[in-house]
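Asks: I'd like to go over a predicted model; first the sequence, then the structure.
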Amino acid sequence: MAENTATITESVSLPLQRQRHYNVGVILWRVLLYVVVLWGAVIFAIPFYWMIRTAVMPPYQVNLFPPEWIPDSINFVNFRAPFVGPFPFARWFGNSAIVSVLSSAGVVLSASFVGFGFARLRFPFRNLLFIVVLSTMMLPEHIKLIPTYLLFVKLGWINTVLPLIVPNWFAPPFHVFLMRQFFMTIPQEMDDAAKIDGCGWLGIYGRIHIPLSLPVMGVSAIYQFTFTWNDFLHPLVYLQQVDKYTVALGLRLFEGFMRSNIQDMMASALIAVMPTIIIFFIAQRYFIQGIVMTGVKG
Amino acid sequence: MQRVSRRQFIRFAGLGAAGLAIAACAPAADEAAVGTGATAEVVNLRYQSRELQEAEGVQELWSEFYPEFKANNPDIEVEFLPQPGGVNLREGVLAQMVAGDAPDLIEFCCWSSTFFVQKGETLNLQAYIDRDADEVDLDDYYEGQFDPWVDEQGDIHLMPRFTGTMALYYNIDMFEEMGVDTPPHEWGAWNHEDYVAIGENFVSREPGQPISWATSNYGMNANWLSQYWIRGFGANMVNPDDNKLCGLGEPAAVDALNYIHSIIWDSQIFAYGSDIGMGVNQLFESGRISMMEMGPWSLGATMRNATFRWDVAPLPMGPSDITTHQSVDGTMIWNKTDHPDESWETLKWLTSPFYGKLYAKWGTKQPSRISVLPEFHAALIDRDERFGDIDIDVFTSSIAASLGGPEEMFANDFTCKSTILKPAFDQVMLLNEAPVDLIVQHADIVNRFNAGEIAVEDLGAAMADLG
Amino acid sequence: MSTLNPAADAGTRAPGRRWTPERREALFGFFFISPWIIGFLVFTLGPMITSLVFGFYRTDLLQIWEVVGFKWFRAVFTDVLVRKAMFNTAYYAFIMVPLSTTLALLIAVLLNQNIKGQSFWRTVYYLPSVVAGAAVAILFKWLYQPDIGLLNSILNPILFRLSNFLSLETPLVAPRWVFSQEWAMPSVIIMALWGAGGAMLIFLAGLRGIPTALYEAAKIDGAGPVRQFFSITIPLLTPTILFNVVLNIIASWQVFTQVLIMTQGGPNNATLTMVLHLYNTGFSQFRFGYASAQAWALFLAILVFVLFAIRTSSSWVQYER
């Protein structure tokens, strides 16, 4: 897979392969690259490291000054608290998983479909409608909160997970835009070729655009999964009973329970995001590298 | 330890399942109530708790309280809804009120409680209170308890949930290390000048070194935290006779503001702005400050986290009055409830001595009823015997003697405090960029705004005119 | 753009030619976007119109419903506080959009190089955008605390020694971050930059979509890496750049959570942003009419900038055709 990877570096290393000596410029470039990536990573990892460090270090060390980077000893006792407390943690976890998975699935299917329509087909008012798609993101969420709540009351969806899932099956604008931008980079000739082979629009979508867009669908799914998993405001407004809570909501209950203890807070925040991090770590290999395998080698 | 937790878990889950069952038949029950009217059917109530802290104890509390309540009120089913929203509670409840499906009983704290009275969403409880005067017994509460919850006629709209007193936590080890006498334990036995004198022992400020202060609170802003100091100087932020008037222009109030400014910027004993920096609890628990102004709600956390000996003392008094604050936490009945009588019956139980004792025991909350106060210390010791060393009397004696008062609320409270006064407090107290006089000028804007002379959309211009 | 004029289309309608390829395409077009149309009509349009209607009332949504006409929409233009909030928001957005887009692109290009452990690096850079929210804001409050926070505990001793070394009369001191009117907004921006990993991800997907063949062809033509970057990578990435820019504009103009948790808009309204202000107006003052008018003013501002980005994009965005 690595050989297939399209990068600038490859072209740089070409003279290296030909001449078989060490090119000083190339070595310098590689060293510089690793140094920059490493330092960038260190800076980006600081907040996360600080959370972990705070969660696992002995209590006396947390508030020392100057602040200490390395814990004297490591204990995971703060991570246990949400699990042994009086909370139906497994249930929240299950709720979050259901809501996040179903939301992601809905987003990927519907937004890809709609995105294809906006990217590839010509129809009246297409550009105007597309601006409308984008504009629905421009009105602050809070101002829509109460009207939307009233709507879901009318539908009888309060205290169910439906308000968190169903709208995602109707092409949220962020994902429509993402898909559209992606489809617009696929060469028109591929559509034309498919048309000549007798494909209709559904065929072009299903046989060419879906396979080619698997990576971007992956990005879409990861985005939505992460968003839904971490969302606090919507579950808060729509779910009132403890057994319906999601993890993001439930852990806040726990946070309040230990309010002034920053260690527990960091631990519970880490527990809350851990699934999304793990899923990202596993899934990204496939969806970011997938493109090379499906190959737009045209 | 773990076995207990497991039991609690199961009980909690069971409670959730019960809630599910109630929700499933709630619409049907509503229709039935409309259709059949007076027949003695079971009434379903929803009780929106604001309980965040010690949630574990609250489950225990509820499981002890509810069977007793049920035995006496077989016709009422109460569903307990906990609250993870913090400040977002208002959004959720407002949405529910607009949609017509808000809970029957709702707990609020601080200005939110007064706010819904002002908005006309709370049930007037006065007739019920008069009818059941024996059970309610208003004499069993401290004097100012109901001040934030009365309407223009003086009728009461909320009942208290618990009443926390602001006191001074101090680090005995740090006092001993510095060779400083610890504060006296009688209210009124020391004053604001002693506070500075003691505090100065702990202040150090060397160039290139981090500063150390002596004390702090959540952040003395245009809120209840500076209000108790202002009262200690014999003034009020909100005019007690007219909540449309701001008292910060009074000479005594200016003295108080100057004092607050001096302990932040001159003697520097007071770490300002811990509300937007490190929390005051962290400062105290890590030994960065030797004292903190704090209520009994932090007793549990401090006991859990402090690695030094500590105790509580009364706050120092001001030049003319005792300086303290009694927290404003109460329960309202939504006035559009289908079941006002049953809701009142439930609220009466939630403010009964029976509940107060359980709340002290399981929630470590300081009771509102004076008759239950003596049980508070024992309840704490019951939870953790180390509380035997802490002078809990400091808190309870202040309620029994009606010291201090609740948060003072303006008409249009948020606009007055946060939109108008806070920017002035920021410039004077936090940034040290303007004299105390700026707050006085903003107080005048509060008055003109409440008198209708300045429209809300012109507030920015009025404040900008002050420079 | 305007290739399809429905009026012209209607004019050419002839009884026997009802299913021209154009009509067929248009029909399929609506078929493809129908999920969005249904969702828009059911879930979005109603609440949007409702909020607009609120703007014509003085209302707390509970007891007070008083028609005030265009009063709030006019007030939005004269209210000094709204102007201040608009300015703060624009300040944030004008720095944030170019800075975070460039940063995300830079990281994506770096991580797209042939380096070992790509999955690991990607995860590290992506992490902060996932761990967003209250925990990170509290963390940064801690880092920023001007007297004893981590940042100044590093900066101040260095500046102190530097001042001694230079024998300055007044020693240099680090900024007071969120405790200062000048530095409060930059503090929020710095914190927000940690979230660049989200946009990075989309850039990475875009980079991977560039056909390898193009680079191979360029190599044969003798183009160096820099040349390839500017004549292949950037042009082919322009659709993705447009996406990130537009999304960034929309998000930056609605910055809310960070300021709510970090500064509540202070000190002295230095970080009062539009959404925070309209949130206060609505949910704290219960003036939902005015809050709605503010929201729609913000809506228009965002729309103008997004339209500007999209209109100008035709000159710099390359789509495959």
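Replies: Yes, it's here. Predicted model, so just to flag it, every value in this text is computed and none were measured.
Asks: and the residue nearest the centre of chain C, what pLDDT?
Replies: Geometric centre of chain C, nearest residue: C:N248, 2.4 Å, by C-alpha atoms, centre = their mean. What the model reports as pLDDT for C:N248 is 95.
Asks: do the same with A:T9
Replies: Taking A:T9 on its own, its pLDDT is 40.
Asks: can you give me phi and psi for B:Y141?
Replies: When read as degrees, to the nearest 10, the backbone of B:Y141 gives phi -120, psi 160.
Asks: is it true that it touches B:S368?
Replies: Yes: B:Y141 is within contact range of B:S368, at 5.9 Å (criterion: C-beta atoms under 8 Å). Just so you know, the C-beta spots here come from the backbone N, C-alpha and C atoms, and that holds for glycine as well.
Asks: show me the contacts for the residue nearest to B:E250 when sequence neighbours are not counted.
Replies: Spatially, and ignoring its direct neighbours in sequence, B:E250 is nearest to B:A235 (4.8 Å; C-beta to C-beta, 6 or more residues apart in numbering or on different chains). Shown in contact with B:A235 (C-beta atoms under 8 Å, 6 or more residues apart in numbering or on different chains): B:247-248, B:250, B:252-253, B:255-256.
Asks: do B:K244 as well
Replies: Per C-beta under 8 Å, 6+ apart, neighbours of B:K244: B:410-411, B:447, B:450-451.
Asks: and the buried ones among the residues you listed, selectable in PyMOL?
Replies: Buried members of the contacts of B:K244, defined by 16 or more other C-beta atoms under 10 Å in any protein chain shown, are picked up in PyMOL with:
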select buried, chain B and resi 410+411+447+450
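Asks: quick check: pLDDT value at the residue minimising distance to the centre of chain B.
Replies: Computing the C-alpha centroid of chain B and ranking residues by C-alpha atoms, centre = their mean puts B:S327 first, at 3.4 Å. The model reports B:S327 with a pLDDT of 91.
Asks: check whether it really touches B:S298, as I assumed.
Replies: No: contact status for B:S327 versus B:S298: not in contact, 11.9 Å apart, counting by C-beta under 8 Å.
Asks: how distant is stretch B:199-216 from the center of its chain?
Replies: 30 Å (C-alpha atoms, centre = their mean, to the nearest Å).
Asks: element containing the closest residue to C:Q181 other than its chain neighbours, please.
Replies: Excluding its sequence neighbours, the residue lying closest to C:Q181 (C-beta to C-beta, 6+ apart) is C:A270, at 4.3 Å. Take DSSP states H and E as the rule and C:A270 turns out to sit in neither a helix nor a strand.
Asks: returning to that earlier point: just the ones in strands from the contacts of B:K244, please.
Replies: Among those, DSSP state E puts none in strands.
Asks: tell me the least confident of the contacts of B:K244?
Replies: Lowest pLDDT among these: B:A411, 90.
Asks: distance of that residue relative to chain C?
Replies: 12 Å (C-beta to the nearest C-beta, to the nearest Å).
Asks: which residues touch that residue?
Replies: Contact analysis of B:A411 by C-beta under 8 Å, 6+ apart lists B:118, B:243-244, B:450.
Asks: one more time with 10 Å
Replies: B:114, B:118, B:152, B:238, B:242-245, B:446, B:449-450 (C-beta atoms under 10 Å, 6 or more residues apart in numbering or on different chains).
Asks: by neighbours, which of the residues you listed wins?
Replies: B:V446 (29 neighbours; other C-beta atoms under 10 Å in any protein chain shown).
Asks: list the contacts for it?
Replies: B:V446 sits next to B:222, B:237-238, B:244-249, B:410-412, B:415-417, B:419-421, B:454, B:459 when contact means C-beta under 10 Å, 6+ apart.
Asks: of B:Y141 and B:S368, which one has the most company?
Replies: Higher neighbour count among B:Y141 and B:S368: B:S368, with 25 against 22, using other C-beta under 10 Å.
Asks: tell me the secondary structure at the more buried one.
Replies: At B:S368, secondary structure determined by DSSP: H, G, I helix; E, B strand; the rest coil is coil.
Asks: where in chain A is pLDDT low?
Replies: Across chain A, the ranges flagged by pLDDT under 70 are A:1-22, A:63, A:65-66, A:81-82, A:84-86, A:254-261, A:287-298.
Asks: what residues go with each domain of it?
Replies: Split into domains by automatic domain parsing, chain A comes to A:8-75, A:82-294.
Asks: so which of those gets nearest chain C?
Replies: Proximity of the domains of chain A to chain C was assessed by C-beta to the nearest C-beta; the nearest stretch is domain A:82-294, lying at 2.3 Å.
Asks: returning to that earlier point: joint contacts of B:Y141 and B:S368?
Replies: Common neighbours of B:Y141 and B:S368 (C-beta under 10 Å, 6+ apart) are B:159-160, B:163, B:326, B:351, B:399.
Asks: show me what the host helix or strand of B:D173 is packed up against.
Replies: In this assignment (DSSP H and E), B:D173 forms part of helix B:172-178. Packing partners of helix B:172-178 (3 or more C-beta pairs under 10 Å, 6 or more residues apart in numbering or on different chains; DSSP states H and E): strand B:310-313.
Asks: any part of the helix or strand that the strand it packs on is followed by near chain A?
Replies: Counting by DSSP H and E, the next helix or strand C-terminal to strand B:310-313 is strand B:329-333. No: contact of strand B:329-333 with chain A (C-beta under 10 Å from any C-beta of the partner chain) is absent, the minimum separation being 14.3 Å.
Asks: point me to the residue of the stretch 151-300 of chain B nearest chain A.
Replies: B:S286 (2.8 Å).
Asks: which residues does the residue in the stretch 1-150 of chain C that chain A sits nearest to contact?
Replies: Ranked by C-beta to the nearest C-beta, the top residue of the stretch 1-150 of chain C for proximity to chain A is C:G39, at 2.3 Å. Counting by C-beta under 10 Å, 6+ apart, C:G39 makes contact with A:110, A:114, A:136, A:166-173, C:45.
Asks: which of those lies closest to C:G282?
Replies: A:T136 (19.3 Å; C-beta to C-beta).
Asks: what about that closest one, distance to chain B?
Replies: A:T136 is 20 Å from chain B, by C-beta to the nearest C-beta.
Asks: does that residue touch A:P172 like I think?
Replies: Yes: contact criterion C-beta atoms under 10 Å: A:T136 and A:P172 qualify, at 8.8 Å.
Asks: about what we covered before: please, which helix or strand holds the residue nearest to the centre of chain C?
Replies: Secondary-structure element containing C:N248, defined by DSSP H and E: helix C:234-252.
Asks: hmm, who's touching the next helix or strand after that helix?
Replies: Per DSSP H and E, the first helix or strand lying C-terminal to helix C:234-252 is helix C:257-262. Identification of contacts with helix C:257-262 by C-beta under 10 Å, 6+ apart yields A:232-233, B:87, B:276, C:88-89, C:92, C:132-138, C:140-141, C:144, C:177-178, C:184-185, C:187-189, C:191-192, C:195, C:265-266, C:270-273, C:275-276, C:279-280.
Asks: for PyMOL, what selects the buried ones among those residues?
Replies: Buried subset of the contacts of helix C:257-262, written as a PyMOL selection, criterion 16+ other C-beta under 10 Å:
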select buried, (chain A and resi 232+233) or (chain B and resi 276) or (chain C and resi 88+89+92+132+133+134+135+136+137+138+140+141+144+177+178+184+185+187+188+189+191+192+195+265+266+270+271+272+273+275+276+279+280)
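Asks: just the contacts of helix C:257-262: which are in helices?
Replies: If you go by DSSP state H, those have A:233, C:88-89, C:92, C:134-138, C:140-141, C:144, C:184-185, C:187-189, C:191-192, C:275-276, C:279 in helices.
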